[in-house]
Every structure is written in C-alpha cells, then in structure tokens.
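**Q** Compute the structure for the input listed below.
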Amino acid sequence: MISLHYANVTIGTPAQWFLVALDTGSDLFWLPCNCNSTCVRSMETDQGERIKLNIYNPSKSKSSSKVTCNSTLCALRNRCISPVSDCPYRIRYLSPGSKSTGVLVEDVIHMSTEEGEARDARITFGCSESQLGLFKEVAVNGIMGLAIADIAVPNMLVKAGVASDSFSMCFGPNGKGTISFGDKGSSDQLETPLSGTISPMFYDVSITKFKVGKVTVDTEFTATFDSGTAVTWLIEPYYTALTTNFHLSVPDRRLSKSVDSPFEFCYIITSTSDEDKLPSVSFEMKGGAAYDVFSPILVFDTSDGSFQVYCLAVLKQVNADFSIIGQNFMTNYRIVHDRERRILGWKKSNCNDTNGFTGPTALAKPPSMAPTSSPRTINLSSRLNPLAAASSLFIICFISFVSL
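**A** Sure thing, here's the model as predicted:
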C-alpha cells in the first residue's frame, strides 16, 4: 500500500472530474483515455469505499481537439507519419517499468479563483492509452506534471495569461492540502535559489550542511524537491551520515531489518517512547536559510498487529545519482515554486487556510472521501515517482489516502 496525494481536477465539456497525482518531478499532465485493460477504473479509500474513476474520452468532450505533429509541443514528431497526424507521446518514470504512452490532445481545465470566480483555460495533455509498471499496481487516475517545461500545466497557464509563473503546494499533517497556481509566496518566507544542477526542469537546490540533533555535518550536495516521491532518498555518503547520527541519539530499541519495511532504522514504540526526545533534522540551504523537517519518522503497525514501530523515513538512493527531498519532508510547509525568480520558498503552515475554497468547480462533483490521519503500514519498495492541481490565484484542494 502506498500513501498518495490526489487533486480533483475537472476537464472538458461537459466537465468530468479526475483524481490525479501531483508530481513536480515530471512535466506531462496525462489522463487515462481510450484504454482497455491497462486503465485503473476504481480505487478504495481508507474507509473501504470503492470509488469508480472516470476515463477521459475526447470524442465525448465538445471542447476537445487533437494535437498534430506540427505542434511545437510535439516532442516525438520524428515518429509521425505526416505533419497532421496525431502527436504521440511517451513518458517514463523512475519506478522500474513505469510509463505512460498515448497521443496529445487539447481541452479545457476548469478552475476557481480565491474569490470563487470560475476560470477556464485551454491546455495540452496526454490521452494515455497505456499505463504500465507502478500504474497497474496503484490507483492513479492521471498524473499532473509540474516541472519546468513548455508542456507542463504551469507554463500553459502562464501563456494563457491566467496565472503568474509560480505556484505553491501545501502538505498538511492531516493528509489535506492545496496547490495554488499563481502563488508567489510571502515576504517572510525563507528562500534558496534553484540550482539547475540535476536538470533545468527540476526544482533542485544546494544543501550546504545538515544537522541531526546536536551533530552538524558540513558537506554540500544537491537534492531535488519532488512531490511525486513519497519519502526522502539520499545518496551516499549523506544517507549514512544522516541515518547513523539519528540512530545514535534515539533512546528506543532498534528492530532488526524487517522484510516488511524498506527502512533500515525502525524502533519499537513503548510506553516511554516520546517523539519530542527524538533528534531533529534540519538542512541549511545555499544562502543560509534553514529548512527544519517537521517530522522525519513514519509510524507503522507490525504485520501481526501486536505492536507499533516508528521508522526514520529516509531511503538509500541507489537507482539515481542524485538525492530527493520527498513529500514526507514537506509536511507542514507551504512550498513555493517561483519559476520566474528561479527560487524555492517555504513557510511553515498547517495548510488549512484554503480561503473558503471547497473544490475545483461546481461543474463536476467528485465523490466524498474523508482522509485519514491514522498510521497505516505501507510498502515503499517501489518508489512513487510520479506523486499535484488548484490561479490571479487558483486553488485546488487535495487529499491523501492509502491506495490499495
């Protein structure tokens, strides 16, 4: 089971809702479309409710149009039969074998401003005819890529003149949150420049040192902030430096490495366990701003339910040569992705200040799903990459629950 954050977005005429995963680590927005066995058609909430998911059909939307191979957004025009053929796309993800393929289409996305005013914009996205890998195991009703690229939704909203070139994501401790297009942050937020070291399309930053409890490790490395990755991944030697110093300051008994958990450092919860006694984790960013992790641990039930454990939710990165700050280290922050100024900003927030906004639009009603804040056992042996929609300031609320 994997904990995902979904945003309800409405697309097309008449409008249909889709529960899409939010991903700053990829660029393309795609929806399941004209697909057969590879499409996930339902998901189960934490409360056991089975939800039927919509499948996008361009022929049933009056506002849909095809994107041809002569479009500037068509990256695979070398695979086209003619300039007026449907533009194909293919996107691969870090999770082994995970990919989406199909054709590009254009349609209307329906949004609301802070004041509740309806606002539409035409965007280009993928009509996904095939989803493989992780997408066959978890309920993903589409991915909204938010990276820095012309094909990404934030870029298209800027070109349409409906939002400035910045957006924020806020992950609340209760599984709720918002993504706000056009949000440039506040004057009192902390900031660091985007480095562009890993890739110009990623939100990567330079970390100059980090602190675990009372121990400061002076080192410099680059990490990308990726909302589509559930937990944080560090390459060596930073993984060992952080986890070892954390372990040396934990008073509880460590479990032996369990096959039920991908995490190396897990501890038994007893009557004397106290999270306030655990070592804090903080990163110092280029420019000197501190990024304090709200809580570096996750709590799990054991497989037989006899007791609970908590784990340092950091994994060793072996599949790539860069580190990832995952969604678990973003909890309780409003993260501002200011693409115009090329900075990443952050400010502590409980993410409940949704400005009275209750949903994308009244055009298409999603199912009612109450998120849970209770700990759940999850298996993260396959990293979620993809895991964002809400501008002017457009806000879309999202929720988190465990996808079976």
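**Q** Find the least confident helix or strand in the chain, judged by mean pLDDT.
**A** Counting by mean pLDDT, DSSP states H and E, the chain has its least confident helix or strand at strand 394-403, which shows a mean of 50.
**Q** And the strands in the stretch 101-250 of the chain?
**A** 118-132, 143-145, 166-171, 177-181, 190-193, 204-212, 215-225, 232-234 (DSSP state E, counting those that start in this stretch).
**Q** weakest of these in terms of mean pLDDT?
**A** Mean pLDDT is lowest for strand 177-181 among those, at a mean of 88.
**Q** In this protein, which residue sits furthest out from the middle?
**A** Relative to the mean C-alpha coordinate of the chain, counting by CA atoms, centre = their mean, the farthest residue is Ser82 (36.0 Å).
**Q** In a helix, that one, correct?
**A** No - assessed with DSSP: H, G, I helix; E, B strand; the rest coil, Ser82 is coil; it does not lie in a helix.
**Q** Tabulate the strands of the stretch 101-250 of the chain (JSON lines), appending distance to Lys277 and mean neighbour count.
**A** Backbone N, C-alpha and C define where each C-beta goes, glycine included. As requested, those are exported to JSON lines (distance: least, CB to CB, whole Å; neighbours: other CB atoms under 10 Å):
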{"stretch": "strand 118-132", "distance to Lys277": "44", "mean neighbour count": "20"}
{"stretch": "strand 143-145", "distance to Lys277": "39", "mean neighbour count": "28"}
{"stretch": "strand 166-171", "distance to Lys277": "25", "mean neighbour count": "27"}
{"stretch": "strand 177-181", "distance to Lys277": "28", "mean neighbour count": "27"}
{"stretch": "strand 190-193", "distance to Lys277": "26", "mean neighbour count": "18"}
{"stretch": "strand 204-212", "distance to Lys277": "14", "mean neighbour count": "20"}
{"stretch": "strand 215-225", "distance to Lys277": "16", "mean neighbour count": "17"}
{"stretch": "strand 232-234", "distance to Lys277": "21", "mean neighbour count": "24"}
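**Q** Adding distance to Thr240, write these out as a markdown table.
**A** Converted to a markdown table, those look like this (distance: least, CB to CB, whole Å):
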| stretch | distance to Thr240 |
| --- | --- |
| strand 118-132 | 34 |
| strand 143-145 | 32 |
| strand 166-171 | 27 |
| strand 177-181 | 32 |
| strand 190-193 | 24 |
| strand 204-212 | 12 |
| strand 215-225 | 10 |
| strand 232-234 | 9 |
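**Q** Quick check: which of the ones you listed is nearest to Thr302?
**A** strand 232-234 (23.0 Å; CB to CB).
**Q** So what touches the closest one?
**A** Here strand 232-234 makes contact (CB atoms under 8 Å, 6 or more residues apart in numbering) with 223, 242, 313-317, 320, 323-326, 328-329, 383.
**Q** let's see it at 7 Å
**A** Here strand 232-234 makes contact (CB atoms under 7 Å, 6 or more residues apart in numbering) with Leu242, Ala313, Val314, Leu315, Lys316, Gln317, Ser323, Ile324, Ile325, Gly326, Asn328, Phe329.
**Q** Out of the residues you listed, which sit inside helices?
**A** Those of the contacts of strand 232-234 mapping onto helices are Leu242, per DSSP state H.
**Q** so of the contacts of strand 232-234, which ones are in strands?
**A** Val314, Leu315, Lys316, Ser323, Ile324, Ile325 (DSSP state E).
**Q** Quickly check those residues for the two that are furthest apart.
**A** The largest separation in the ones in strands among the contacts of strand 232-234, counting by CB to CB, is between Lys316 and Ile325 at 14.8 Å.
**Q** can you map out the helices along the stretch 201-350 of the chain?
**A** 238-248 (DSSP state H, counting those that start in this stretch).
**Q** Tell me where it is predicted with low confidence.
**A** Along the stretch 201-350 of the chain, segments meeting pLDDT under 70 span 258-260.
**Q** wait, which of the contacts of strand 232-234 is closest to Phe265?
**A** When those are compared for distance to Phe265 (CB to CB), Val314 wins out at 8.0 Å.
**Q** Please report how far Leu134 lies from Val299.
**A** Distance of Leu134 to Val299, given as CB to CB, to the nearest Å: 24 Å.
**Q** Between these two, which has more neighbouring residues?
**A** Leu134 (21 against 16; other CB atoms under 10 Å).
**Q** can you list the domains in the chain?
**A** As given by automatic domain parsing, the domain ranges for the chain are 2-184+351-380+387-403, 190-329.
**Q** Comparing those, which comes out most buried?
**A** Highest mean neighbour count of these: domain 2-184+351-380+387-403, a mean of 19 (counted as mean count of other CB atoms under 10 Å).
**Q** Could you check how far that one is from the centre of its chain?
**A** When distances are taken as CA atoms, centre = their mean, to the nearest Å, domain 2-184+351-380+387-403 is centred 11 Å away from the chain's centroid.
**Q** same deal with stretch 296-304?
**A** Stretch 296-304 sits 22 Å away from the centroid of its parent chain (CA atoms, centre = their mean).
**Q** What of stretch 337-351?
**A** From the chain centre to the centre of stretch 337-351 is a distance of 15 Å (CA atoms, centre = their mean).
**Q** what residues does that stretch touch?
**A** Applying CB under 7 Å, 6+ apart, the set of residues contacting stretch 337-351 is 24, 148, 154, 164-168, 170-173, 176-178, 184-186, 188-194, 203, 205, 225, 291, 332-336.
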